[in-house]
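# Generate a structure from the sequence data that follows.
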Amino acid sequence: MSESKKCIRKRLPYWIRNKSVIIPTSHKVKEILRKYKLHSVCEEAKCPNRGECFSSGTATFLIMGDICTRNCTFCAIKKGNPMPLDEKEPENLKKAVSELNLKYVVLTSVTRDDLEDGGANHYEKCIKAIKSLDREIFVEVLTPDFKGSRISIEKVINSGIDVFNHNVETVPSLYKKVRPLANYTTSLKVLEMAKEIDTELPVKSGIMVGLGETMEEIKETLKDIKSTGCDLLTVGQYLQPRFLNLPVTRYLKPEEFDEIKEFALSIGFKGVFSGPLVRSSYFAHKMYKNIKNG
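A predicted model of the protein is given here:
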């Protein structure tokens, strides 16, 4: 390990360092992923919670390859020219879900700006393949923005999903630095369209903190997200996944995450997970269960 990476690890405050225990992903899970040539965002994005989700009966699959056409500076996923879509992926995904006996599946993907529909048709195939296994399996999607295409968003929603998630990721002032090829307004419109298409469908979004935003900016961003009709929210600490990614500007304290949660609930979010190691699919099944149980 390089000295620079050692320094990054030493800067972790105790409330993250003491809790960032990675539960080893079982050999079975890894073997099944490799067997069916599938990717998980847990591994590709170097999630600090990788392994924990599998152990709790959920999984976050990364579909449409492991190379993204966007150049977001916070993300560890590879950038470049993706390979053609794997037409066997929907069926392989179905087999993996069956062998892992998963009851709640999260599907996310790289952004595929090279595809006319952004990959919406492939999402549909993957969702329907899982649902054909058992209609009682819950499917949550965390999608790219599809360049704001309502047709693509409708295709995904009408595939039978249980939760639609699209992350805003950060505050408007940081977009050019954090998401150079994305647009804040477009992401808000994606959430708004999702709610318009199916008013009963839970819509979810999330942001990272610790990239240089102020608490005032965080709260204004949450207001913007809530104005779209969004129901659920995740807020987590940004952790630099690789030396080449953006550095952490500040580590928010647990009480600041509590303040954010209280504010989000006060403006109408039905479910909020806010904490240093919270990620988009963090205990997704529990959040869904909580809102369904009232």
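
# Could you pull out the helices in this structure for me?
Taking DSSP state H, the helices of the chain run over residues 3-10, 14-17, 27-35, 41-44, 52-55, 89-100, 120-133, 150-157, 175-178, 184-197, 215-227, 254-266, 284-292.

# Surely residue 275 is in contact with residue 236?
Yes. Using CB atoms under 8 Å, residue 275 makes contact with residue 236 at a distance of 6.7 Å. Heads up, the C-betas are built off the backbone N, CA and C, glycines and all.

# who's more crowded, the two?
Neighbour count, other CB atoms under 10 Å: between residue 275 and residue 236, residue 236 has more, with 23 against 20.

# and that one, what does it touch?
Taking CB atoms under 8 Å, 6 or more residues apart in numbering, we find residue 236 in contact with 206, 208-209, 274-279, 282.

# residues contacting the nearest residue to residue 166 once chain neighbours are set aside?
Of all residues not flanking residue 166 in the chain, residue 190 sits nearest, at 4.8 Å (CB to CB, 6 or more residues apart in numbering). If you count contacts by CB under 8 Å, 6+ apart, residue 190 has them with 143, 145-146, 148, 153, 166.

# Could you give the number of residues near residue 143?
The number of residues near residue 143, taken as other CB under 10 Å, comes to 24.

# wait, doesn't it sit right on residue 167?
No. Residue 143 lies out of contact with residue 167 (CB under 8 Å); the separation is 9.2 Å.

# what's the neighbour count on residue 218?
Residue 218: 21 neighbours (other CB under 10 Å).

# What of residue 239?
Residue 239: 21 neighbours (other CB under 10 Å).

# Cross-check the contact I'm expecting between it and residue 248.
Yes. Between residue 239 and residue 248 there is a contact under CB under 8 Å: 6.7 Å.

# got any residues that touch both of those two?
With CB under 8 Å, 6+ apart, residue 239 and residue 248 have common neighbours residue 210.

# hmm, back to that, which two from the contacts of residue 190 end up farthest apart in space?
Using CB to CB, these span at most 11.8 Å, a distance reached by 143 and 148.

# how close does residue 277 sit to residue 185?
29 Å (CB to CB, to the nearest Å).

# Which one of these two is surrounded by more residues?
Per other CB under 10 Å, whichever of residue 277 and residue 185 has more neighbours is residue 277, with 17 against 11.

# Poorly predicted segments of this protein, please.
1-11, 17-27, 41-59, 294 (pLDDT under 70).

# switch the cut-off to 50
Within the chain, the segments meeting pLDDT under 50 span 1-9, 20-21, 44-45.

# So which residue is dead centre in it?
residue 280 (3.9 Å; CA atoms, centre = their mean).

# Let me know whether it touches residue 233 as I believe.
No. Using CB under 8 Å, residue 280 and residue 233 do not qualify as a contacting pair, with a distance of 10.3 Å.

# Find residues that contact each of those two.
Joint contacts of residue 280 and residue 233 (CB under 8 Å, 6+ apart) are 204, 206.

# Give the burial count for the nearest residue in space to residue 177 that is not next to it in sequence, as a bare number.
Computed as CB to CB, 6+ apart, the closest residue to residue 177 that is not its neighbour in sequence is residue 73, at 6.6 Å. Here the number of neighbours of residue 73 (other CB under 10 Å) works out to 15.

# Residue 73 contacts residue 174, doesn't it?
No. Under the criterion of CB under 8 Å, residue 73 makes no contact with residue 174, lying 9.9 Å away.

# what's the closest of the helices of the chain to residue 66?
Among the helices of the chain, helix 41-44 comes nearest to residue 66, with 5.3 Å by CB to CB.

# Residue 255: neighbour count?
9.

# I should have written residue 91 there, sorry.
15.

# Go ahead and confirm residue 83 touches residue 64.
No. At 9.4 Å, residue 83 does not count as touching residue 64 under the criterion of CB under 8 Å.

# out of the two, which sits in the busier spot?
For residue 83 and residue 64, the more surrounded residue by other CB under 10 Å is residue 64, and the numbers stand at 25 against 10.

# What separation do you get for that one and residue 115?
With CB to CB as the criterion, residue 64 and residue 115 are 8 Å apart.

# residues shared between the contacts of these two?
In contact with both residue 64 and residue 115: 85, 122, using CB under 8 Å, 6+ apart.
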